[in-house]
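> Starting from these lines, generate the structure:
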Amino acid sequence: MISSRRWRSWGRARADTATRTLPAYLHEQGSIIKTAQRLHLYRNAVANRIRGITELPDVDFEDPDQQLACRARLLG
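A predicted model of the protein is given here:
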């Protein structure tokens, strides 16, 4: 799970971008295309954002438990 400290280490702009992208990506069940449509972005932009998030240690969106934990944290 991504800690608050890790978000802060990214800087405000990058963390804000990630916190807008990640909920849409999870809502669209991991679909880059649907996330891009939802956010009105190019697919490559979404793919690059998600790649940046998943390159962090302890982040694996293939793991359903991590997906659930991310959803819970972002929603509450």
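> Identify each buried residue in stretch 18-36, please.
Judged by neighbour count using 16 or more other Cβ atoms under 10 Å, the buried positions of stretch 18-36 are 18, 21-26, 28, 32, 34-36. (Each C-beta comes from the backbone N, C-alpha and C, glycine too.)
> nearest to Asp65, of these?
Compare each of the buried residues of stretch 18-36 with Asp65 using Cβ to Cβ and the shortest gap goes to Leu26, at 13.0 Å.
> what element comes up after the host helix or strand of the closest one heading to the C-terminus?
Under the assignment given by DSSP states H and E, the secondary-structure element containing Leu26 is helix 12-27. Using DSSP H and E, the helix or strand that directly follows helix 12-27 along the chain is helix 32-39.
> what about dumping the CA coordinates of that following helix to PDB?
The C-alpha trace of helix 32-39 is given here as PDB (Å, rounded to 0.1, in the frame of the first residue of the first chain):
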ATOM      1  CA  ILE A  32      -5.900   2.000 -19.500                       C
ATOM      2  CA  ILE A  33      -8.300   2.800 -22.400                       C
ATOM      3  CA  LYS A  34     -11.300   3.300 -20.200                       C
ATOM      4  CA  THR A  35      -9.300   5.300 -17.700                       C
ATOM      5  CA  ALA A  36      -8.000   7.600 -20.500                       C
ATOM      6  CA  GLN A  37     -11.500   8.100 -21.700                       C
ATOM      7  CA  ARG A  38     -12.800   8.900 -18.200                       C
ATOM      8  CA  LEU A  39     -10.000  11.400 -17.600                       C
END
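> Counting by contacts, list what that helix packs against.
Secondary structure elements in contact with helix 32-39, counted by 3 or more Cβ pairs under 8 Å, 6 or more residues apart in numbering; DSSP states H and E, are helix 12-27, helix 43-54.
> which residues touch the residue nearest to Pro23 when sequence neighbours are not counted?
The spatially closest residue to Pro23, leaving aside those adjacent along the chain, is Leu74, at 4.9 Å (Cβ to Cβ, 6 or more residues apart in numbering). Contact analysis of Leu74 by Cβ atoms under 8 Å, 6 or more residues apart in numbering lists 19, 22-23, 26.
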